[in-house]
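>>> just coords:
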């Protein structure tokens, strides 16, 4: 059986395969259990294998590469146009097989185990931060039911809740005080966990020479630098700096027709977490630029005058994404005096 390309639709326990030969003729339609998948590919001649970039895809891609195959990940949005008929495993595998063979197809970079470790740190910390914010909002909402108003912000909740619990003149019953005391303990515990994971990210940053080079860029700190390292690796999966900015959704959407270009707001595609970090960093740079008079600060201040602070923050984030690609692919130090148009 001479198989050139295989589309692999992965799941938790059942995997669907669709293979074609050099002429594009279907020569394989097969369903395998999880424990039989690697055994099957180990006995197969090296070929091109396409997978959707979903849960577990990076693991399977690494395992298939170890067996000598050319595994590539495709974003699900690029597979969907090739699905024929109703959605099922067989049609999905066939669509993946068709999509992976397209010469102009864009692929998702395969992450190493080290990248996934760093990314997991960020995902856990980000989840804890969201849980902490939700808990603080829950506390404020429940206190409002008793006529006690706490100002917006996590700091205000931390400051005022102990005083509220000690105030014997408010209308809180003993049962309510016990519940709010439990919620306060949960908030303190979440603070500790967020701090712990922040320290782990700092340790990764200190141990990585590449991450430290990235943090030299204004607007990029240890958290953003390690997140970039987890997402981009060495950056060589991207052909240009603009591709990185586009991949992160920091370039305008287009709605052009009839030769008339029409640019809208940023596309917001790609990694939401990393894009958010870059924009927050860009906003810090914009705020600091108001008190400076170097070339970049003058450019930022002019942009703020022409447009607004938010657009300037996105513009800085876009530029930083391009600078990061140059630093990763060329293995150079950041030079503030050098031109940054990459």
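Sure thing, it's come through. Just so we're clear, the structure is a prediction, and the values are computed from it rather than from any experiment.
>>> okay, CA-based contacts and neighbour counts for the rest of this
Will do.
>>> check contacts around the spatially most central residue of the chain.
Nearest to the mean C-alpha position of the chain, counting by Cα atoms, centre = their mean, stands residue 271 at 3.2 Å. Residue 271 makes contacts with 247, 248, 249, as judged by Cα atoms under 8 Å, 6 or more residues apart in numbering.
>>> dump the residue contacts of residue 184.
Here residue 184 is in contact with residue 161 (Cα under 8 Å, 6+ apart).
>>> the one 3 residues further on now?
Neighbour list for residue 187: 132, 135, 136 [criterion: Cα under 8 Å, 6+ apart].
>>> could you dump those residues to CSV with distance to residue 283 and neighbour count?
As requested, these are exported to CSV (distance: Cα to Cα, whole Å; neighbours: other Cα atoms under 10 Å):
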residue, distance to residue 283, neighbour count
132, 24, 20
135, 27, 18
136, 25, 22
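>>> ok, back up a step: ramachandran angles for the residue nearest to the centre of the chain?
Dihedral pair for residue 271: phi -70, psi 110, per degrees, to the nearest 10.
>>> state the distance from it to residue 22.
To residue 22, residue 271 is 35 Å away according to Cα to Cα, to the nearest Å.
>>> how about residue 317?
Taken as Cα to Cα, the span from residue 317 to residue 22 is 44 Å.
>>> more crowded one of those two?
residue 317 (27 against 10; other Cα atoms under 10 Å).
>>> on that earlier part again, from the contacts of residue 187, pick the one nearest residue 171.
residue 136 (20.3 Å; Cα to Cα).
>>> tell me if the closest one really is in a strand.
No: Residue 136: not assigned to a strand; according to DSSP: H, G, I helix; E, B strand; the rest coil it is helix.
>>> hmm, back to that, out of the contacts of residue 271, which is most surrounded?
In the contacts of residue 271, the most neighbours by other Cα under 10 Å go to residue 248, 24 neighbours.
>>> residues near the nearest residue to it once chain neighbours are set aside, how many?
Of all residues not flanking residue 248 in the chain, residue 270 sits nearest, at 4.8 Å (Cα to Cα, 6 or more residues apart in numbering). For residue 270, the neighbour count with other Cα under 10 Å is 16.
>>> so which elements touch the strand or helix carrying residue 288?
Element membership for residue 288 (DSSP states H and E) is helix 272-289. Here helix 272-289 touches helix 222-232, helix 295-306, helix 309-330, going by 3 or more Cα pairs under 8 Å, 6 or more residues apart in numbering; DSSP states H and E.
>>> could you look over those and pick the most buried one?
helix 222-232 (a mean of 23; mean count of other Cα atoms under 10 Å).
>>> chain center to that helix: distance?
Chain-centre distance of helix 222-232: 10 Å, with Cα atoms, centre = their mean, to the nearest Å.
>>> could you do stretch 29-42 as well?
For stretch 29-42, the distance to the chain centre is 30 Å (Cα atoms, centre = their mean).
>>> which residues touch that stretch?
Taking Cα under 8 Å, 6+ apart as the rule, stretch 29-42 contacts 12, 13, 14, 15, 16, 17, 18, 19, 63, 64, 67, 90.
>>> quick check: buried residues in the helix or strand where residue 193 lies?
Assigned by DSSP H and E, residue 193 belongs to helix 174-207. Neighbour counts over helix 174-207 (16 or more other Cα atoms under 10 Å) mark 180, 183-184, 187, 190, 193-194, 197-198, 200-202, 204-205 as buried.
>>> how about stretch 205-224?
So stretch 205-224, judged by 16+ other Cα under 10 Å, has buried residues 205, 210-217, 219-224.
>>> likewise for stretch 34-48?
Those would be 37, 38, 41, 46, 47, 48, for stretch 34-48 by 16+ other Cα under 10 Å.
>>> quick check: closest non-adjacent residue to the fourth one.
Nearest in space to residue 46, with sequence neighbours left out and distances taken as Cα to Cα, 6+ apart, is residue 69 at 4.6 Å.
>>> and stretch 255-264, how far apart are its ends?
7 Å.
>>> residues in contact with that stretch?
By Cα under 8 Å, 6+ apart, stretch 255-264 touches 252, 253, 254.
>>> want to throw the buried residues of stretch 34-48 into a markdown table with distance to residue 84?
Shown next, in a markdown table, are the buried residues of stretch 34-48 (distance: Cα to Cα, whole Å):
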| residue | distance to residue 84 |
| --- | --- |
| 37 | 25 |
| 38 | 28 |
| 41 | 26 |
| 46 | 27 |
| 47 | 24 |
| 48 | 21 |
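>>> of all these, which comes closest to residue 83?
Closest to residue 83, out of all of the buried residues of stretch 34-48 and judged by Cα to Cα, is residue 48, at 19.2 Å.
>>> distance check, the closest one against residue 101.
8 Å.
>>> that older thread, any idea which of the contacts of stretch 29-42 has the most stuff around it?
residue 18 (28 neighbours).
>>> hang on, the earlier thing: I'd guessed the residue nearest to residue 46 sits against residue 49; true?
Yes: between residue 69 and residue 49 there is a contact at 7.0 Å, judged by Cα atoms under 8 Å.
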